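Novice: Need a 3D model of the sequence below.
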Amino acid sequence: MVKRMILPAIRLAVLMVFGLGAHAGELSVEPDRTRLYEGEVLTLTVKGSTEIDISLSNLFDFDLSNLPSPDIEKVEGDFEILARNQRYSIRTVNNDMVGEITWTYQLAPKSTGKLTIPPLSFKDSKSKPVTIEVVDGTPPDQAGPNRGSFIELTADKAEVYVQEQLILTVRLYFRGNLIRGELSDPQHPNAIIESLGKQREYSSDRDGVRYRVVERRYALFPQKPGVMNLPPIRFEGQARDADGSLRFLRDSASLFEVPVKDVPAEFSGSTWLPAASLTLREAGMPPTLNLKTGDNLTRTLSLQATGLPSEALPPLPDSMPDGLRRYPEEPQRNTSVGPDGIVSTLTQTSALVPVESGKLTLPAVRIPWWDTESDSERVAVIPAQTLNVTASEAATAVAGTPAGGQGSPPATGGEDRHGSTGAATNNTFWQWVSLALAGIWILTMLAWWRTHRMTADTPANTDSEESGNERDAFEQMLNSAKDGRASTPGLFVHWSNLRWPGHDFRSAGDVFRVVSAPDLDKELNALQAHLFSRDRSGDGNNSEQWDGEQLVTALRHARQQRNRSNQESGLPPLYPNSLSV
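Specialist: Numbering: from 1, shown residues only. Okay, the predicted model is just below:
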């Protein structure tokens with residue numbers, strides 16, 4: 001019951017205030033001052049009055065969008081409207097109810113000089129124009145302790161090279177409790193600007209006055225030589241003083257002109273790298289540089305620069321000597337930011353596999369860069385290194401075995417330097433070796449005969465070449481070969497271990513020392529030349545011009561030839577050709 005009575009009463013009171021009649025009263029415009037300094041805020045008070053027509057017919061037609069107000073938008077040519085407020089009151093004049101409305105606006109001048117607030121209209125009333133004078137500088141009463149807020153800009157360098165890092169520090173000083181505030185970020189069409197972490201907030205004394213400070217730091221990288229002029233940094237906000245009064249804060253500041261120098265003519269590098277420091281490191285190399293063919297060596301090169309984003313770091317050189325195959329991973333770029341600027345890192349990891357014995361020299365890695373601290377060119381270098389590669393044990397065994405099949409004992413004809421006793425002992429030794437080999441051969445034949453009979457009685461479910469694991473690995477390798485991916489050689493080694501178990505292949509060279517497939521060896525070399533040639537980036541992703549049909553055909557042919565060989569002979573040879581003794 002109480003709620004039913006209160007609701008119509010509220011609506012009636014609102015209608016008394018807002019249900020304004022057509023009869024208009026006076027409209028006055030009063031600024032709090034007619035002369036102010038640039039950056040100050042003007043308070044403009046507009047007052048109007050009108051008779052109130054209370055009608056029950058429109059009691060329930062109240063709409064907030066129909067509330068009247070003067071056309072204050074006329075001032076937006078010279079002023080920015082920061083805030084607006086309105087209040088209402090009702091009084092009786094000659095038995096007539098008159099509503100008085102007061103609008104309060106906070107205006108910020110957009111320029112200096114004499115600015116005009118044009119006549120404002122409210123219903124049938126119109127105000128008179130008002131002239132406001134805006135002067136340069138800071139008001140005397142706010143130059144010291146009474147100053148509400150101000151912006152301070154500093155840079156770590158007076159001039160920079162193109163693409164060199166310039167650290168800009170923006171500090172906002174203000175008094176009172178900040179209710180709201182907007183501080184703009186630096187912008188420039190010809191510069192890359194990165195924020196250096198989160199803003200800092202602290203207190204500081206300036207001219208004997210305690211201020212709250214908001215500090216932001218930015219890294220600027222100008223992209224064109226010349227003179228860089230940053231647009232002003234602006235702040236607008238509201239703060240409440242200790243006495244509870246609300247104060248509008250507004251300020252702007254511009255950085256000095258920064259000369260941007262072009263790339264020095266004496267710089268010898270192909271990629272311009274202006275940095276405070278730059279280091280080149282290597283990891284993963286064996287301390288003695290002694291390797292065997294087929295060994296897998298993981299080499300990591302890392303390039304770290306202070307004062308440059310990671311996108312500016314050039315790809316690391318990838319030239320390799322003949323006889324050393326390189327399988328690079330995707331380069332990793334990382335950028336870390338801090339209050340002192342940007343530190344970036346480029347890391348390149350590659351698997352190196354020597355396939356030929358001898359001395360293989362890794363060329364030196366040289367990265368010229370410009371030291372912005374000493375204003376001179378420097379070069380980061382990893383010296384050239386020579387790998388001593390020897391043939392692996394398997395390759396040595398194959399190369400050192402006579403080609404006549406089984407080995408034969410050394411000839412005993414001729415003079416023996418150790419006398420007849422040594423010769424007799426030697427003959428006895430080889431007789432026992434011959435007997436042992438004959439016994440092993442007989443046992444092997446018996447085992448084969450037994451296995452052959454069991455195979456004839458019970459058909460096998462699957463052939464070793466057609467096992468699921470080997471077949472899946474073969475299909476995966478074919479798909480990689482078609483696309484020209486860098487993983488193909490590794491997949492080939494994995495499939496070969498499934499195809500010919502027991503050899504423990506570690507590289508493609510190991511496979512070709514056991515299996516004769518010259519066409520396949522040629523096509524794999526062509527794939528590696530496509531992936532890691534000097535005119536490519538080395539990431540293994542550029543396959544637009546790769547035709548993998550010949551490699552796929554060579555893989556299928558090698559597999560089919562092996563299958564036919566097994567079917568024709570019925571038994572794998574006791575000594576394959578590549579391992580004959």
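Novice: Need the residues that contact stretch 313-322.
Specialist: By C-beta atoms under 8 Å, 6 or more residues apart in numbering, the list of residues contacting stretch 313-322 from outside reads 270-271, 273, 301, 303, 305, 326, 328, 331, 333, 344, 346, 348, 350, 352, 356, 360-363, 365-367, 532, 534, 537-538. All C-beta spots, glycine's among them, are computed from the backbone N, C-alpha and C.
Novice: Ends of stretch 152-163, what's the gap?
Specialist: Its first and final residues considered, stretch 152-163 spans 25 Å by C-alpha to C-alpha, to the nearest Å.
Novice: residues of that stretch that come out buried?
Specialist: 153, 155, 160-163 (16 or more other C-beta atoms under 10 Å).
Novice: try stretch 272-292
Specialist: 272-276, 278, 280, 285, 291-292.
Novice: Looking at those, which are in strands?
Specialist: 274-275, 278, 280, 291-292 (DSSP state E).
Novice: picking that back up, need the buried residues of stretch 272-292 in TSV with pLDDT and distance to Glu373, can you?
Specialist: Below are the buried residues of stretch 272-292 laid out as TSV (pLDDT from 0 to 100; distance: C-beta to C-beta, whole Å):
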residue	pLDDT	distance to Glu373
Trp272	96	17
Leu273	96	14
Pro274	97	10
Ala275	96	9
Ala276	95	6
Leu278	96	11
Leu280	96	18
Met285	90	30
Leu291	89	40
Lys292	89	46
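Novice: Same list, those, but as JSON lines with distance to Met477 please.
Specialist: Shown next, in JSON lines, are the buried residues of stretch 272-292 (distance: C-beta to C-beta, whole Å):
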{"residue": "Trp272", "distance to Met477": "43"}
{"residue": "Leu273", "distance to Met477": "41"}
{"residue": "Pro274", "distance to Met477": "46"}
{"residue": "Ala275", "distance to Met477": "44"}
{"residue": "Ala276", "distance to Met477": "48"}
{"residue": "Leu278", "distance to Met477": "41"}
{"residue": "Leu280", "distance to Met477": "36"}
{"residue": "Met285", "distance to Met477": "30"}
{"residue": "Leu291", "distance to Met477": "26"}
{"residue": "Lys292", "distance to Met477": "26"}
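Novice: and which of those residues is nearest Leu387?
Specialist: Leu387 has its nearest neighbour among the buried residues of stretch 272-292 in Leu291, at 5.6 Å by C-beta to C-beta.
Novice: what about the stretch 351-500 of the chain, any weak spots by pLDDT?
Specialist: The stretch 351-500 of the chain contains residues with pLDDT under 70 at 393-434, 438-439, 441, 445, 447-468.
Novice: And the helices in it, which stretches?
Specialist: 393-399, 419-457, 468-483, 488-499 (DSSP state H, counting those that start in this stretch).
Novice: OK, contacts around the nearest residue to Gln385 once chain neighbours are set aside?
Specialist: Excluding the flanking residues, the one nearest Gln385 by C-beta to C-beta, 6 or more residues apart in numbering is Leu362, at 4.7 Å. Residues near Leu362 by C-beta under 8 Å, 6+ apart: 320-321, 324, 384-387.
Novice: Near Ser89, how many other residues are there?
Specialist: Other residues lying near Ser89 total 11 when counted by other C-beta atoms under 10 Å.
Novice: The host helix or strand of it pairs with which strands, and in what direction?
Specialist: Using DSSP states H and E, Ser89 maps to strand 79-93. Within its sheet, strand 79-93 is paired with strand 96-109 (antiparallel), according to DSSP bridges.
Novice: does Glu311 count as helix, strand or coil?
Specialist: helix (DSSP: H, G, I helix; E, B strand; the rest coil).
Novice: If I look at it, what pLDDT would I see?
Specialist: Per-residue pLDDT puts Glu311 at 91.
Novice: next one: the one 5 residues further on
Specialist: Leu316 is assigned 91 on the pLDDT scale.
Novice: What of the one 10 residues further on?
Specialist: Here, the pLDDT recorded for Arg326 equals 91.
Novice: and the spatially closest residue to Val258 that is not a sequence neighbour, how many residues sit next to it?
Specialist: Leaving aside its sequence neighbours, Val258 sits nearest to Met228 (C-beta to C-beta, 6+ apart; 4.5 Å). Residues near Met228, counting by other C-beta under 10 Å, number 20.
Novice: thinking Met228 is in contact with Phe256, fair?
Specialist: No: taking contacts as C-beta atoms under 8 Å, Met228 lies outside contact range of Phe256: 10.0 Å.
Novice: one step back: from the buried residues of stretch 152-163, pick the one nearest Ser127.
Specialist: Of all those, Leu153 has the smallest distance to Ser127: 40.3 Å, by C-beta to C-beta.
Novice: looking at this, the closest one is in a strand?
Specialist: Yes: counting by three-state DSSP, Leu153 is located in a strand.
Novice: gap between it and Glu236?
Specialist: Using C-beta to C-beta, to the nearest Å, Leu153 is found at 17 Å from Glu236.
Novice: Could you chop this structure up by domain?
Specialist: Domain ranges of the chain: 2-135, 146-261, 274-391, 464-579, per automatic domain parsing.
Novice: Make JSON lines from those and add distance to Leu446 to it.
Specialist: As requested, the domains of the chain are exported to JSON lines (distance: least, C-beta to C-beta, whole Å):
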{"stretch": "domain 2-135", "distance to Leu446": "104"}
{"stretch": "domain 146-261", "distance to Leu446": "78"}
{"stretch": "domain 274-391", "distance to Leu446": "36"}
{"stretch": "domain 464-579", "distance to Leu446": "14"}
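Novice: Since that was my last question, I'll sign off now.
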